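Asks: from the sequence below, what's the structure:
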Amino acid sequence: MPGLSSLRNIALVCHLLVILREFWKHFTHPGTFRGLARATVQWACGNGWTFTWPAHACSESVGKCQAAAEELASSDRIDNWYVNEKDLAFFKYHAVQDGPCEGASPWEQMMHKDVPGFVRYTSWRRTLPSGKTEYKSVTISPNATAREFSDLYLDDDFRRNWDGMVYHHEVLEHGDFASRQQVVRWLRRFPFAFLSDRDYCLARREFKEDDGSIYGISKAVPDHPSAFNGNHVTMDVFHSMWRNRTVADPWGSDSPACETILLHHEQFKISEGLARFAVKHGMWGFVKKLASTVPLYVEARRKRVEPTQEDPEAYGAGAIPNPPMPLKHSDSAWSLQSMGSSNNSSYDGSECSDDSAQQAGGHVAQRRRRGRAVLVAGLAVGALAFSGAVGGCSSSSLKAGRRHTSRLIRPAVQQQQKGQPVVSHRLEEVPELLEE
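Replies: Okay, the predicted model is just below:
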């Protein structure tokens, strides 16, 4: 039929344009198309050809942003640690004061969730002059103080309970214990087998303000002597910065609450569109997992000290928490292997046994297998949809394909719902992704 053939041609043209658009965005800087269009119009009007690649402008914009942030730092307070007052000023300028950055897009709200008595979470993102994405969020957690939440964020042993992708961590270097100056190494494994493990070498530090606010700054230090080896993908562009302060409970409780402002950016070295998709769909599950572990950490900490007091047993507060050692011994116990199986679990900071490490490895391998199942299913759906557009596949065939895809995915989801330990927040999101 002529009409059906025309629709197919239009669909193919649109698909080709989308592919070309992705290639253009990947290999050019923002503003390149507009600059070419203006130069073409001027040339057509007889004014000559004048065009400058916007990469130089982007570099100038970044330089202006950094210069504006550095102006906020006092020169007499700057030290030689990897993280210093310039980094703190950068965070205050961009996240707390919401200072403008020439060449970056405006902040775009991604999500707002409010679960009374559990967590309130709002997130934004913006495109930097380089074309990469930066994220900002504000989280309010009930019955916690700024001191307690800061200790939780810096506790790599406890992190495994809410960030299951970090399967190895170690302290490479330390500075002032009072400021929690550390250089740490993380190995992170994603739930998809086609993504290699990521190697993070991060310097971090804590800053305390007179008003009781506590700032935490962490960033990649790719030039550290112990930074990376050749077995993993190195994450050399990374910063994660936050401010914790104690506020009144927004839901009317007499207990204090903690407000956290987070500024985060990392380059995953994959397609930016894929990275945005992963962050958007994994964000809420990640926050829920963190919020569910906060009461357990706070309860264990309050058995030692008061909510606003310094904890001498906090991770990295008085000694090197875990000197570098073999991989299987460097991680903490999986004390919260199943958040739903035990509501009375508590964190004791003990080292894991060999059996726990082997069990952790089994969970990671299981997670990767499920990731492959979801990937294959997604490709099957895409192939069926495309064949329906160009080959006249009937609607009944598409429905049959979707049923077949559901059978591919359903075993992994049912296996997850049997009460087995949940290691990664992404496993919890599998049913949500299928519904979407």
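Asks: quick one: residue 10 from residue 16, how far?
Replies: Going from residue 10 to residue 16 by CB to CB, to the nearest Å gives 11 Å. Just so you know, the C-beta spots here come from the backbone N, C-alpha and C atoms, and that holds for glycine as well.
Asks: then residue 164?
Replies: 40 Å.
Asks: and for residue 117?
Replies: From residue 117 to residue 16 the distance is 51 Å (CB to CB).
Asks: residue 159 contacts residue 166, correct?
Replies: Yes. Using CB atoms under 8 Å, residue 159 is in contact with residue 166, at 6.0 Å.
Asks: the more surrounded of the two?
Replies: residue 159 (20 against 17; other CB atoms under 10 Å).
Asks: ok so, going back, which of residue 164 and residue 16 has more residues huddled nearby?
Replies: Shown here are residue 164 and residue 16; by other CB under 10 Å, residue 164 has more neighbours (26 against 10).
Asks: quick one, phi/psi of that one?
Replies: Backbone torsions for residue 164, taken as degrees, to the nearest 10, come to phi -70, psi -10.
Asks: identify the residues contacting residue 290.
Replies: Shown in contact with residue 290 (CB atoms under 8 Å, 6 or more residues apart in numbering): 162-163.
Asks: let's see it at 6 Å
Replies: By CB atoms under 6 Å, 6 or more residues apart in numbering, the residues touching residue 290 are residue 162.
Asks: distance of it from residue 14?
Replies: With CB to CB as the criterion, residue 290 and residue 14 are 40 Å apart.
Asks: repeat for residue 195
Replies: On the measure of CB to CB, residue 195 and residue 14 end up 29 Å apart.
Asks: same check on residue 5?
Replies: Residue 5 is 15 Å from residue 14, by CB to CB.
Asks: and residue 280, by the same measure?
Replies: From residue 280 to residue 14 the distance is 23 Å (CB to CB).
Asks: okay, buried residues for the host helix or strand of residue 240 please.
Replies: Per DSSP states H and E: residue 240 is located in strand 238-248. If you call a residue buried by 16 or more other CB atoms under 10 Å, then strand 238-248 has these buried ones: 238-246.
Asks: quick one: the helices in the chain, in order.
Replies: Using DSSP state H, the helices of the chain run over residues 2-27, 32-44, 55-70, 85-91, 146-154, 156-159, 272-302, 354-391, 395-416, 425-435.
Asks: ok, residue 268 - contacts?
Replies: So residue 268 contacts residue 275 (CB under 6 Å, 6+ apart).
Asks: low-confidence regions, this structure specifically.
Replies: 1-4, 23-31, 51-78, 192, 228-230, 322-436 (pLDDT under 70).
Asks: how about the buried residues of strand 238-248 in CSV, adding distance to residue 43?
Replies: Output for the buried residues of strand 238-248, formatted as CSV (distance: CB to CB, whole Å):
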residue, distance to residue 43
238, 42
239, 41
240, 46
241, 45
242, 49
243, 50
244, 55
245, 55
246, 61
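Asks: just curious, which of the residues you listed is nearest to residue 294?
Replies: Closest approach between the buried residues of strand 238-248 and residue 294, by CB to CB: residue 244, at 12.0 Å.
Asks: so who does the closest one touch?
Replies: 146, 149-150, 214, 258, 260.
Asks: please name the nearest non-neighbouring residue to it.
Replies: Nearest non-adjacent residue to residue 244, counting by CB to CB, 6 or more residues apart in numbering: residue 146, 4.0 Å away.
Asks: what of residue 218?
Replies: Spatially, and ignoring its direct neighbours in sequence, residue 218 is nearest to residue 204 (3.7 Å; CB to CB, 6+ apart).
Asks: tell me what that neighbour is bridged to.
Replies: With DSSP bridges as the criterion, residue 204 is bridged to residue 182, residue 218.
Asks: how far away is it from residue 21?
Replies: Distance from residue 204 to residue 21, by CB to CB: 38 Å.
Asks: which one's more surrounded, these two?
Replies: residue 204 (23 against 11).
Asks: against residue 238, how distant is the more buried one?
Replies: 11 Å.
Asks: ok, residue 154 next?
Replies: Where residue 238 is concerned, residue 154 sits at a distance of 16 Å (CB to CB).
Asks: picking up where we left off before, burial of the residue nearest to residue 244, as a residue count?
Replies: Residue 146: 25 neighbours (other CB under 10 Å).
Asks: change the start of the numbering to 4 and stick with it
Replies: Sure thing, new numbering starts at 4, so read that last one as residue 149.
Asks: just checking, it touches residue 248?
Replies: Yes. Using CB atoms under 6 Å, residue 149 is in contact with residue 248, at 5.1 Å.
Asks: just the endpoints, please. Distance across stretch 229-240?
Replies: Taking CA to CA, to the nearest Å, stretch 229-240 runs 16 Å from one end to the other.
Asks: ok, now stretch 106-119?
Replies: Using CA to CA, the two ends of stretch 106-119 sit 38 Å apart.
Asks: contact partners of it?
Replies: By CB under 6 Å, 6+ apart, stretch 106-119 touches 61, 64, 123-132, 254.
Asks: quick revisit: more neighbours: which of residue 283 and residue 17?
Replies: Taking neighbours as other CB under 10 Å, residue 283 and residue 17 compare with residue 283 leading, 14 against 11.
Asks: give the contact list for that one.
Replies: By CB under 6 Å, 6+ apart, the contact set of residue 283 is empty.
Asks: look up how far residue 186 lies from it.
Replies: 31 Å.
Asks: go on, residue 311?
Replies: Going from residue 311 to residue 186 by CB to CB gives 28 Å.
Asks: tell me which of the two has more neighbours.
Replies: residue 186 (23 against 12).
Asks: so the more buried one is in contact with residue 206, correct?
Replies: Yes. Residue 186 is within contact range of residue 206, at 4.9 Å (criterion: CB under 6 Å).
Asks: what's across from the closest residue to residue 262 other than its chain neighbours in the sheet?
Replies: Spatial nearest neighbour of residue 262, excluding adjacent residues (CB to CB, 6+ apart): residue 250 at 4.7 Å. Listed beta-bridge partners, residue 250: residue 260 (assigned using DSSP bridges).
Asks: residue 250 against residue 261, yeah?
Replies: No. If you go by CB under 6 Å, residue 250 and residue 261 don't touch, sitting 7.2 Å apart.
Asks: re the thing from before, just give me the closest of the contacts of residue 247 to residue 40.
Replies: Nearest member of these to residue 40, counting by CB to CB, is residue 263, at 42.6 Å.
Asks: what number of residues lie near that closest one?
Replies: Neighbours of residue 263 using other CB under 10 Å come to 21.
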